[in-house]
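Asker: fold the stuff below for me.
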Amino acid sequence: MQVATIEQVQTALGEQGYVCDRALATVVFLSLKLGRPLFLEGEAGVGKTEIAKALAAAFGRRLIRLQCYEGLDASSAVYEWNFAAQMVAIRTAEAAGGADRATLQGELFSDEFLIERPLLEAMRPDANGPPVLLIDELDRTDEPFEAFLLEALSDFQVTIPELGTIKAPVPPIVVLTSNRTREVHDALKRRCLYHWVDYPDFDREVEILNARAPALAAQLSREVVAFVQSLRTEDLFKKPGVAETIDWANCLLALDVIDLSPAVIADTLGAILKYQDDISKVQGSEAKRILDQARASLDAG
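Answerer: Alright, predicted model coming up:
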């Protein structure tokens, strides 16, 4: 992957609708240049997952996503055998009566019956170059999986007992994300380049909204961002991320809204807030207060 400057990374991501500041572009550039995994932490909805998608699209690479969850183990992340197909092959061999045990075993544990999961897929050669491996929401897994991942990312290889060790001819581009619901072990972080992805400032979020919802009127875009940023200062269980800002803008477009009002906000709060307690706090007079506060900040700016 030929990237000569940080500005080139910013431009390439921007062409995919991903607007990032120089600090994030710098760590992405260094990750690509040095071949180091990129570890991104931050609140949900701030664009951590999207950067992997934008990287894959910008440089014409395949995106392979490992969605983490509680109880994820090495075998689920690497491979499994197609048990149903193996049973059919065994029954067929028994009916034919021609295959000896060693030959049959060799056939059963071959690539024909191997189901590749994301980590193994990412180790395979690709004509377009190494893929982007997204290991999403790593904080949902447990420490044994982290330990396995540490080993896999150290040498970019995985071992299948029946087939042996499979090593990536060229390491994939690895992006790990965490919403920080728990701390990820330092040993894994040390293998990576680290960046905290924060909520963007007002101008950056307006720029993001212009890229992702260009049909929204300029003044309404500014009001939407100002309102969401005011919401983030409230005592909410889950503050809205950039993803919610974009979702809300698209909802307003679908409803042909040209101006924010407390009534419009009440009708569309489900696009921004995802917990009923939060929605209840912002209903009625609170919505008007926050909207007035947002407009005042625009006037002051």
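Asker: could you pull out the helices for the stretch 201-301 of the chain?
Answerer: For the stretch 201-301 of the chain, applying DSSP state H, counting those that start in this stretch gives helices covering 202-212, 218-231, 242-254, 262-268, 276-282, 285-300.
Asker: same question, the stretch 51-200 of the chain
Answerer: Going by DSSP H, counting those that start in this stretch, the stretch 51-200 of the chain shows helices at 74-78, 83-96, 101-108, 118-123, 143-155, 186-190.
Asker: in JSON lines: these, plus distance to P214 and mean neighbour count.
Answerer: The way it works is simple: take the backbone N, C-alpha and C, and place the C-beta from them, glycine included. Formatted as JSON lines, those follow (distance: least, Cβ to Cβ, whole Å; neighbours: other Cβ atoms under 10 Å):
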{"stretch": "helix 74-78", "distance to P214": "38", "mean neighbour count": "17"}
{"stretch": "helix 83-96", "distance to P214": "48", "mean neighbour count": "12"}
{"stretch": "helix 101-108", "distance to P214": "54", "mean neighbour count": "12"}
{"stretch": "helix 118-123", "distance to P214": "33", "mean neighbour count": "22"}
{"stretch": "helix 143-155", "distance to P214": "38", "mean neighbour count": "16"}
{"stretch": "helix 186-190", "distance to P214": "37", "mean neighbour count": "13"}
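Asker: any chance of the ones you listed in JSON lines with distance to E50 as columns?
Answerer: Formatted as JSON lines, the helices of the stretch 51-200 of the chain follow (distance: least, Cβ to Cβ, whole Å):
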{"stretch": "helix 74-78", "distance to E50": "22"}
{"stretch": "helix 83-96", "distance to E50": "36"}
{"stretch": "helix 101-108", "distance to E50": "41"}
{"stretch": "helix 118-123", "distance to E50": "18"}
{"stretch": "helix 143-155", "distance to E50": "22"}
{"stretch": "helix 186-190", "distance to E50": "21"}
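Asker: so which of the helices of the stretch 201-301 of the chain is nearest D155?
Answerer: Of all the helices of the stretch 201-301 of the chain, it is helix 242-254 that lies closest to D155, at 34.7 Å by Cβ to Cβ.
Asker: ok, of the helices of the stretch 51-200 of the chain, where does mean pLDDT dip lowest?
Answerer: With a mean of 74, helix 101-108 has the lowest mean pLDDT of the helices of the stretch 51-200 of the chain.
Asker: need the contact list for V9.
Answerer: In this structure, V9 makes contact with 3, 25, 28-29, 32, judged by Cβ atoms under 8 Å, 6 or more residues apart in numbering.
Asker: mind putting the residues you listed into a markdown table with secondary structure and pLDDT?
Answerer: Shown next, in a markdown table, are the contacts of V9 (DSSP: H, G, I helix; E, B strand; the rest coil; pLDDT from 0 to 100):
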| residue | secondary structure | pLDDT |
| --- | --- | --- |
| V3 | coil | 83 |
| A25 | helix | 96 |
| V28 | helix | 96 |
| F29 | helix | 96 |
| L32 | helix | 94 |
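Asker: top of the residues you listed by neighbour count?
Answerer: Among those, V28 has the most neighbours (other Cβ atoms under 10 Å), with 26 neighbours.
Asker: that one reaches L38, doesn't it?
Answerer: Yes. Contact between V28 and L38 holds when scored by Cβ atoms under 8 Å: they sit 6.6 Å apart.
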